[in-house]
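Asker: Pasting the sequence and the predicted coordinates here, then a few questions.
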Amino acid sequence: MELYYSFSILIVLAAVFAYINARFLKLPSVIGIMVISMLFSIGLVTTGRFFPKTFSGFLKLLSGFDFTELLMGAMLNFLLFAGAIHIRLKDLKEQMWQVLTLSTVSVIISTIVVGYLFHYGMHLIGLEVPFIHCLLFGALISPTDPIAVLSILKQTKVAKSLQTKIAGESLFNDGVAIVLFILLRGIAEGSGVDVTPKGITLLFVQEAIGGIALGLLLGYFGSLMIKQIDDYTVDVLITLAIVMGGYLIAHELHVSGPLAMVAAGLIVGNFGRDKAMSQTSREYVDRFWELNDEILNAILFLFIGFEVLLIPEWKIYWLPGIIAIVIVLFSRFISIVIPARLIKFKQRLSNQSLIILVWGGLRGGVSIALASSLSETTNKHMILTVTYFVVIFSIIVQGLTVGKLTGPRTFSRRRRMVTRKQDKENTGIVA
């Protein structure tokens, strides 16, 4: 009953905040909900001295949720599957090498650059943070958050090929980031993780390759089952079972659940959905997962907004937080530009595409969840607070402006093309 009570409050708040945003603020849904929940949190802190029971009761409610387990163990799997099911393999195949590079090489470069610069930056302001802890921060902040990225991309006018790069990178870079995070956390906490080349390779194969293989199997057998029946209720249940059962299997096999859900979503979306379902089933499956995606995103960003209540150290670490924002943006730039200039892709990235890739690399709940999983021996409070600063800046500032980086230019370019064509027609020149 207590769990039902807690979730009921969250759903009610999400609905009220979503209404306020749609009625007055008119921001993108997830950003609006997060901003309102942050303002609500600040208001709750301010009035807490007058109504201490209300403040302590709400704080107790939030503290009762394990954000790391809630996101990484449950919500993330649903959200990744919902995002991957709508990505076309044909589009992804065209951008395959760029997506793979961005989700592997770029993450490693970013982790190293963030680690070094953050260590040096903290030293300049008089905070001596062990270098291994700085690298740990680099690992958890380097992967772009698929939930935040996919939510914002839906409402932007970014070119389709560039959307595929950004979405593909955000869906797949978790594998490399989690392996780096596990290794660095093991070293920092002294848990005896095997850091030999063999140990790192085995961990990567187990987590990343194992997760993808599991997802492919789940997607394949799920699509076979869908093909053999024509009942939209059963089709929806099968996709739901893939996500929920797949997470349990991934947990038991110690493979990456997020990557398993991405792979399963791609297979179900491109074969089970497109080739095995009837039109009716396709519509119901799409609506079911779109609704799931919207509801879970609302709850997730509600949590991110309320995190300000659970991070009392934000007043202490505001300067490291601002420094971290600059470092993360610079590291993102370096990690995109170096591979783009040194590796020969089929299509060379334009300067405008590079800018959008850098600015569109949003951080979100995944980084906060990883930071929350740290122990007290690894500067958890500082790293969690700094991570929160980066995530809030990323979602609000970058999320609200990434679409504007292409809109006016795209419009101007199209207008020039139309004008040029009209001039040729008026002078009798055939294009």
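Answerer: Yep, that arrived.

Asker: Give the buried residues for the helix or strand containing Asp293.
Answerer: Taking DSSP states H and E as the definition, Asp293 sits inside helix 279-310. Of all the residues in helix 279-310, those buried under the rule 16 or more other C-beta atoms under 10 Å are 281-282, 284-286, 288-289, 292-293, 296-310. From N, CA and C alone the C-beta is placed, and that goes for glycine too.

Asker: Angles on the backbone of Pro146, please.
Answerer: Main-chain torsions, Pro146, degrees, to the nearest 10: phi -60, psi -30.

Asker: Next up, identify which helix or strand the residue nearest to it when sequence neighbours are not counted is on.
Answerer: With C-beta to C-beta, 6 or more residues apart in numbering as the measure, Ser170 is the residue that lies nearest to Pro146, at 4.1 Å, once sequence neighbours are left out. Using DSSP H and E, Ser170 maps to helix 160-189.

Asker: Pull up the gap between the residue nearest to Pro146 and Glu283, please.
Answerer: To Glu283, Ser170 is 27 Å away according to C-beta to C-beta, to the nearest Å.

Asker: Same check on Ser56?
Answerer: Between Ser56 and Glu283 the distance is 47 Å, computed by C-beta to C-beta.

Asker: List the buried residues in the helix or strand just after the helix holding Ser170.
Answerer: Downstream of helix 160-189, the first helix or strand assigned by DSSP H and E is helix 197-204. Using 16+ other C-beta under 10 Å as the test for burial, helix 197-204 gives Ile200, Leu203, Phe204.

Asker: ok now do the residue lying closest to the second one once chain neighbours are set aside, which residues does it touch?
Answerer: To tie it back to what came earlier, the one meant is Leu203. Take Leu203 and drop its neighbours on the chain: the residue closest to it by C-beta to C-beta, 6+ apart is Val179, 5.6 Å away. The contact partners of Val179, taken as C-beta atoms under 8 Å, 6 or more residues apart in numbering, are Ile200, Leu203, Phe204, Glu207, Ala208.

Asker: Neighbours of the nearest residue to the first one once chain neighbours are set aside, how many?
Answerer: Leaving aside its chain neighbours, Ile200 sits nearest to Leu183 (6.4 Å; criterion: C-beta to C-beta, 6+ apart). In terms of burial, Leu183 registers 20 neighbours under the definition other C-beta atoms under 10 Å.

Asker: Likewise for Lys157?
Answerer: 13.

Asker: Could you measure from it over to Ser335?
Answerer: Lys157 is 25 Å from Ser335, where distance means C-beta to C-beta.

Asker: What average pLDDT does stretch 369-385 get?
Answerer: Stretch 369-385 shows a mean pLDDT of 92.

Asker: starting at the chain centroid, how far to that stretch?
Answerer: Taking the mean of its C-alpha atoms, stretch 369-385 sits 19 Å from the chain's own mean (C-alpha atoms, centre = their mean, to the nearest Å).

Asker: quick one: low-confidence parts of the protein?
Answerer: Applying pLDDT under 70 to the chain flags residues 1, 156, 192, 344-347, 406-431.

Asker: Could you check how far stretch 150-168 is from the centre of its chain?
Answerer: Using C-alpha atoms, centre = their mean, the offset of stretch 150-168 from its chain centre is 13 Å.

Asker: Mind exporting the C-alpha coordinates of it to PDB?
Answerer: Extracted in PDB, the C-alpha atoms of stretch 150-168 (Å, rounded to 0.1, in the frame of the first residue of the first chain):
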ATOM      1  CA  LEU A 150      15.500  11.100 -27.900                       C
ATOM      2  CA  SER A 151      12.900  13.300 -26.000                       C
ATOM      3  CA  ILE A 152      14.400  16.500 -27.300                       C
ATOM      4  CA  LEU A 153      15.100  15.300 -30.800                       C
ATOM      5  CA  LYS A 154      11.400  14.600 -31.300                       C
ATOM      6  CA  GLN A 155      10.800  18.300 -31.200                       C
ATOM      7  CA  THR A 156      13.700  19.600 -33.300                       C
ATOM      8  CA  LYS A 157      14.200  20.200 -37.000                       C
ATOM      9  CA  VAL A 158      17.600  18.400 -37.200                       C
ATOM     10  CA  ALA A 159      18.300  16.600 -40.500                       C
ATOM     11  CA  LYS A 160      17.400  12.900 -40.500                       C
ATOM     12  CA  SER A 161      20.900  11.700 -41.000                       C
ATOM     13  CA  LEU A 162      22.200  13.800 -38.100                       C
ATOM     14  CA  GLN A 163      19.300  12.700 -36.000                       C
ATOM     15  CA  THR A 164      20.300   9.100 -36.600                       C
ATOM     16  CA  LYS A 165      23.900   9.900 -35.600                       C
ATOM     17  CA  ILE A 166      22.900  11.600 -32.300                       C
ATOM     18  CA  ALA A 167      20.200   9.000 -31.400                       C
ATOM     19  CA  GLY A 168      22.400   6.000 -32.400                       C
END
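
Asker: List the neighbours of it that are in contact with it.
Answerer: So stretch 150-168 is in contact with 28-31, 79, 83, 87, 91-92, 94-95, 98-99, 102-103, 144, 146, 149, 170, 297, 347, 353, 356-357, 360-362, 399, 402-403, 406-407, 410, going by C-beta under 8 Å, 6+ apart.

Asker: What of stretch 331-345?
Answerer: 97-98, 101-102, 105-107, 109-110, 113-114, 117, 138, 142, 348-349, 354, 357-358, 361.

Asker: ok so, going back, want to throw the contacts of Val179 into JSON lines with distance to Leu374?
Answerer: Converted to JSON lines, the contacts of Val179 look like this (distance: C-beta to C-beta, whole Å):
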{"residue": "Ile200", "distance to Leu374": "20"}
{"residue": "Leu203", "distance to Leu374": "19"}
{"residue": "Phe204", "distance to Leu374": "21"}
{"residue": "Glu207", "distance to Leu374": "18"}
{"residue": "Ala208", "distance to Leu374": "22"}
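
Asker: what sits against the spatially most central residue of the chain?
Answerer: Centroid-nearest residue in the chain: Asp145, 1.7 Å away (criterion: C-alpha atoms, centre = their mean). Residues near Asp145 by C-beta under 8 Å, 6+ apart: Ser170, Leu362, Arg363, Gly364, Gly365, Val366, Ser367, Val391.

Asker: and it, how far is that from Ala369?
Answerer: 10 Å.

Asker: would you list every one of the strands in the chain?
Answerer: Under the criterion DSSP state E, strands are not mapped anywhere in the chain.

Asker: Can you report how many residues neighbour Tyr220?
Answerer: Residues near Tyr220, counting by other C-beta under 10 Å: 16.
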